[in-house]
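# Using only what follows, build the 3D model:
(2 chains)
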Amino acid sequence: MDHPDISALWLTLKLAAITTLILLIICTPIAWWLANLKSRAKFLIEAVITLPLVLPPTVIGFYLLIAFAPNGNLGQTWQSLTGHQLAFSFSAIVIGSLFYSLPFVVQPLQRAFEQLGTELLEAGAMLNASKLDQFFTIVLPLTKPSFITAATLGFAHTIGEFGIVLMIGGNIPGETRVLSLALFDHVEAFEYQQAHTLALSLLFGCFALLSFVGFINRKPTQQAVGVR
Amino acid sequence: MLTIDISCQLTDFNLTINTIINSNAITGIYGRSGAGKTSLLRAIAGFHQTTKGCILFDDKPWLQSSGNILISPENRPVSMVFQEARLFPHLSISQNLRYAQKRCKNSKIHYSNLVETMGIKPLLAKDINTLSGGEKQRIALARAILAEPKLLLLDEPLSALDTGSRKQFIGLLREIHKIYKISMLFISHQIAEIEQLTDEMMVIEHGKMTHFGKTADVIYALSDLGDIKEQTSLDLLINKSLPDFGITELLLFNDQKLYLPSHYIAEHQKTRVRCNVMSTDISISVTPPSSTSLMNVIPVVINKIVKLHNKAKLQVSYQHQRFFVTISLYSLLSLELDIQQQVYIQFKASALKTI
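Numbering: from 1, shown residues only, chains lettered A, B, ... in the order given. I've put the predicted structure just below:
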C-alpha cells in the first residue's frame, strides 16, 4: 500500500474517532430526551433524526455544501471565527459525518434508555442520588452494551461514508481524502490491485469490529434485558 | 409532622387529600386497588410532577405551589420501599446497601448493626439474582433505612411475599420503627397487615380520604359500614405460656384472661401480640358458661343490634374494647337479647388469630 493510502487510512480513523466521540456526547442527552418525551409530536422529531438513514447522502451533502459556502451564513461565521474556509476542510467532513451517523448512535441509546425505564432511577432518587449521580452509577453501567453498540455503529458508518465527504470535502489528500474516496480513485485509475487491497481491508476491518462488539455485548445485553 | 394539602389529576379521577399525619407513628393507607394510594405516596416522594398544593414535613416545604417551591425527590429526606425490590442488578447485595450509605449526609445508623438487626448477614454473600422475593424486600428495606430518611414510604412492600414472609417482615418493620424512630407510611389493601403494623390509618376511595384516625377505631368504623369482613382487633399482653397444653395465656386490660395456641405467636412477639377474632366465630351465652370447652369467655354489654335477613349483627363491649358478634336471628329471638343486657361472649382459643 503506498503512502497516500496510509494517509487516507489514518485520516479515516481520525474522522471516525472524532465523530464517534462528539456523537456520544451530543446523542446521549438527545436519546435521553426522546426516551422520556411524552409529546404527541415525538414521531416527527424521531423522523427528523432518522432522516439521514434513508436520504441519499448527496442530499445532505448538497445542503451542507450550500450552508458551508464562504457566502453562506455558517461559512461566513466559521471563517470570521477561525480564519479558515469551512467547505472542503476536515472540519466540514466532521460536521457532515455528525449528521450522517447521528441516527446510528441516537437509536440504540434511545432504545436502551426506554428499556431501562424509570423504576431504578426512582430507587436511586430515594437513596439521595442526584440526576447526574443516577446517570453515572445506574444508567451508564446498565446500558453499557448499548453505548458500545452505538459507538461501533457510529464509527463503522463514518468509515463507510462517501457521498457527503465527496460533496463537502472534495478529495484533498491529507485533508479530506478518506479511504472510500481513495478506493474510488483507484477504481477510476484502473488500479484494481490497490482497490482490492483497500476494499478487502475495509470489509474485514468492519466485519472484525462488528463481530468483536457483538461478542462483548452478548452476555451483558441479556442481563440488561432482564433488569426490569 | 407531615402536612398534606394536595390535588393531583390522575387518569380517572382527581386525587385530593388534606390531612396532617403524626410523624412519630406508623400510618397505614388503606383502600381498594386504583383508589389513589400509590399516587399519594408518589406525590409525597416528589414523583408526581403535576401535583399542586402544599406538602410540609416538620414545617419545611417540599411542595408549595403558591410559592413555586418544588423540592426534587432526591433532596427530600424521604425513602421508599416499592412493591418490587428495585435492587440495582449490576451491584452486589452489599454494594446496594453501601450505595445508600455513601449518599447519606449524616450517617448515624451503623451498617453492621442494621445488618444484624435485620438478619440479612447470611444474604450478603449471595448472588443478587438468586434471592427470594422476601429476601429481596428485606435488602430493599435495609437499603432504604441506610439512607436514613425522616419519612419511610412503604408501597405495598409485602404484596409479592408469602404469608410467613409477610409476618416476619411486619415484625421487622415494627422493630425498625422502635429502634430508629423513623416515621412510616404503609400502603396495603390487606386490612390485616394495616391492623398488625400501624398505629393510625387513613382510608382512600377514588382519590378522597374517607376515614382517618387510630387504626382500631377506623377498622371498627369500616366493619360497622360493612366495608370489611366484621372482625375485632385486640392488642393483648402475653402473660404466660402453658407448655404442657401448647397454649399461651394473654391478658386484655391486665385482668381478662384469653388463650390462644402458642404456635400462633411469632418469635419476635415477646410482650404484646395483636390478634383478631371474626364476628362469626363468637357465640353468646346469657348465663356464665360453667361447663364449656370454649376457653375464651368474656362478660360484655350489648351496645347495638342490627337485624339483617336471617342474621343478627351485635356490637358488644368489655370496658372500652368493642367486639363484633354475628349470630342467627333465631338465636337472637330465642335468647331474647336486648340493648344494655349483660351477656357472655365465648370463642375457641384457635379462633383468636394473630395478625
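
# count of neighbours near residue 216?
In the absence of a named chain, this looks at chain A. 15 (other Cβ atoms under 10 Å in any protein chain shown). Heads up, the C-betas are built off the backbone N, CA and C, glycines and all.

# oops, I was thinking of chain B
Per other Cβ under 10 Å, the neighbour tally for B:A216 reads 18.

# Also B:I170?
Other residues close to B:I170 by other Cβ under 10 Å number 24.

# Helices along chain A, start to end?
Using DSSP state H, the helices of chain A run over residues A:3-36, A:42-54, A:57-68, A:73-82, A:90-116, A:119-125, A:131-134, A:140-159, A:163-169, A:179-188, A:192-225.

# Equivalent analysis for the stretch 101-250 of chain B, please.
B:111-117, B:133-146, B:163-180, B:191-197, B:215-225 (DSSP state H, counting those that start in this stretch).

# Keeping just the C-alphas, turn the first one into PDB.
These are the backbone C-alpha positions of helix B:111-117, laid out as PDB (Å, rounded to 0.1, in the frame of the first residue of the first chain):
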ATOM      1  CA  TYR B 111     -24.100  -0.600  58.900                       C
ATOM      2  CA  SER B 112     -23.200  -3.800  60.700                       C
ATOM      3  CA  ASN B 113     -25.800  -3.100  63.500                       C
ATOM      4  CA  LEU B 114     -28.500  -2.800  60.900                       C
ATOM      5  CA  VAL B 115     -27.400  -5.900  59.000                       C
ATOM      6  CA  GLU B 116     -27.500  -7.700  62.400                       C
ATOM      7  CA  THR B 117     -31.000  -6.400  63.400                       C
END
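
# got a list of contacts for it?
Under the criterion Cβ atoms under 8 Å, 6 or more residues apart in numbering or on different chains, residues B:97-98, B:101, B:121, B:124, B:142, B:145-146, B:175-176, B:179 lie in contact with helix B:111-117.

# how about these, which pair is most distant?
For those, the maximum inter-member distance is 22.3 Å, found between B:R98 and B:E175 (Cβ to Cβ).

# how about the residues of chain B near chain A?
By Cβ under 8 Å from any Cβ of the partner chain, the part of chain B that sits against chain A consists of B:45-47, B:72-75, B:78-80, B:82, B:84, B:86-90, B:99-100, B:103-105, B:143-144, B:147.

# of all the contacts of helix B:111-117, which comes closest to A:T19?
For the contacts of helix B:111-117, the nearest to A:T19 is B:R98 (38.4 Å; Cβ to Cβ).

# mind listing what that closest one touches?
The contact partners of B:R98, taken as Cβ under 8 Å, 6+ apart, are B:Y111.

# Specify the angle between the strand or helix carrying it and helix B:133-146 in degrees.
In this assignment (DSSP states H and E), B:R98 forms part of helix B:93-102. Going by axes from the mean of the first three to the mean of the last three Cα atoms, to 10 degrees, helix B:93-102 is angled at 20 degrees with respect to helix B:133-146.

# Keeping just the C-alphas, turn helix B:93-102 into CSV.
What follows is helix B:93-102, C-alpha atoms only, in CSV (Å, rounded to 0.1, in the frame of the first residue of the first chain):
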residue,chain,number,x,y,z
ILE,B,93,-26.0,-7.0,47.7
SER,B,94,-23.5,-5.2,49.9
GLN,B,95,-22.9,-2.7,47.2
ASN,B,96,-26.6,-2.0,47.0
LEU,B,97,-26.5,-1.3,50.8
ARG,B,98,-23.4,0.8,50.6
TYR,B,99,-24.9,2.8,47.7
ALA,B,100,-27.5,4.2,50.2
GLN,B,101,-24.9,4.7,53.0
LYS,B,102,-22.5,6.6,50.8
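
# picking that back up, I'd like the helices of chain A as JSON lines, with mean pLDDT and distance to B:S293 appended.
Listed next are those as JSON lines, based on pLDDT from 0 to 100; distance: least, Cβ to Cβ, whole Å:
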{"stretch": "helix A:3-36", "mean pLDDT": "92", "distance to B:S293": "66"}
{"stretch": "helix A:42-54", "mean pLDDT": "91", "distance to B:S293": "71"}
{"stretch": "helix A:57-68", "mean pLDDT": "88", "distance to B:S293": "91"}
{"stretch": "helix A:73-82", "mean pLDDT": "86", "distance to B:S293": "96"}
{"stretch": "helix A:90-116", "mean pLDDT": "93", "distance to B:S293": "61"}
{"stretch": "helix A:119-125", "mean pLDDT": "95", "distance to B:S293": "53"}
{"stretch": "helix A:131-134", "mean pLDDT": "94", "distance to B:S293": "62"}
{"stretch": "helix A:140-159", "mean pLDDT": "92", "distance to B:S293": "62"}
{"stretch": "helix A:163-169", "mean pLDDT": "84", "distance to B:S293": "93"}
{"stretch": "helix A:179-188", "mean pLDDT": "87", "distance to B:S293": "95"}
{"stretch": "helix A:192-225", "mean pLDDT": "78", "distance to B:S293": "60"}
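
# Pick the most buried one from the ones you listed.
Highest mean neighbour count of these: helix A:163-169, a mean of 24 (counted as mean count of other Cβ atoms under 10 Å in any protein chain shown).

# Near the closest residue to B:M118 other than its chain neighbours, how many residues? Count them for me, please.
Leaving aside its sequence neighbours, B:M118 sits nearest to B:A142 (Cβ to Cβ, 6 or more residues apart in numbering or on different chains; 5.0 Å). Residues lying near B:A142 (other Cβ under 10 Å) number 25.

# Next: B:V306.
B:V306: 12 neighbours (other Cβ under 10 Å).

# repeat for the one 5 residues further on
Here the neighbour count serves as a burial measure; for B:K311 (other Cβ under 10 Å) it reads 16.
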